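K.L.:
Model the structure of this input:
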Amino acid sequence: MKKSSQSIMSKYSNKNLKKKTSPVQAEDLPPIATYEQRYKGMSQELTQQKPKPTLEQKIAKRESLKKPKKEENNPPKRVSVEINGNLYLLGCTENISEGRIRKIAALANEILKDTKESNPGLTNSKINALALIDACDRILTLKDENSNMRTELMYLQQKVTLEEEREKPEPTPMELLANEKED
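P.N.:
Coordinates of the predicted model:
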């Protein structure tokens, strides 16, 4: 067993490799990059003394790193709402008013309450998941109703347009002649 491992080792050792290589020996090849090339820039950075920043420069750098502050004139309003027995503090923006947030929270609370009443033995996390599924079902139902109403509206608009075209009186022969002269 040792002989086979020794023969494998000897087969791939540097001694045998040098014998089998081309006339250019591995020792004759130049290194890919010399030490000076790799670390030249770094050594300059380490040895050069940088000028110490002034207090104003330090302050300016610190200010530039800080996040831009929001306008303190119009801080967002906070609305306290209760959902499933927990109080939440939600922020109002220009797009969503305080009243709308309260309506949304009341609806969420109602959905959770209904789900809890219809499934009394479940944990809060399962009740929350079922309430979310219920809310999604309501959204899809409303989207379908909205789509049906839009389709019906388009149908009625086309019907009205066709009826208006039918009710137009036929042009008199004089109107036909006037239209032909204009063309």
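K.L.:
End to end on stretch 115-123, go ahead and measure it.
P.N.:
11 Å (CA to CA, to the nearest Å).
K.L.:
ok, and the closest non-adjacent residue to residue 77?
P.N.:
Distances taken as CB to CB, 6 or more residues apart in numbering place residue 92 nearest to residue 77, at 4.1 Å, with adjacent residues excluded. All C-beta spots, glycine's among them, are computed from the backbone N, C-alpha and C.
K.L.:
Distance check, the one you found against residue 99.
P.N.:
The spacing between residue 92 and residue 99, counted by CB to CB, to the nearest Å, is 9 Å.
K.L.:
And residue 167, by the same measure?
P.N.:
Taking CB to CB, one finds residue 167 at 46 Å from residue 99.
K.L.:
More neighbours: those two, which one.
P.N.:
residue 99 (10 against 7; other CB atoms under 10 Å).
K.L.:
Assign a three-state SS to the more buried one, would you?
P.N.:
Under the three-state scheme (DSSP: H, G, I helix; E, B strand; the rest coil), residue 99 adopts helix.
K.L.:
Have a look at the chain and report the helix or strand with the lowest mean pLDDT.
P.N.:
When the helices and strands of the chain are scored by mean pLDDT, DSSP states H and E, helix 14-20 comes last with a mean of 50.
K.L.:
okay, and for this structure, where does confidence drop off?
P.N.:
By pLDDT under 70, the weakly predicted segments of the chain are 1-49, 67-74, 183.
K.L.:
The lengthiest helix in it - contacts with which helices or strands?
P.N.:
Identified as the longest helix of the chain according to DSSP state H is helix 124-167. Under the contact criterion of 3 or more CB pairs under 8 Å, 6 or more residues apart in numbering; DSSP states H and E, helix 124-167 touches helix 98-118.
K.L.:
Go ahead and name everything in contact with the helix it packs on.
P.N.:
77, 79, 81-84, 88, 90, 92, 122, 127-128, 130-131, 134-135, 138 (CB atoms under 8 Å, 6 or more residues apart in numbering).
K.L.:
Name the surrounding residues that touch the helix or strand hosting residue 89.
P.N.:
Element membership of residue 89, judged by DSSP states H and E, is strand 86-91. Under the contact criterion CB under 8 Å, 6+ apart, strand 86-91 has outside partners 76, 77, 78, 79, 80, 81, 82, 101, 105.
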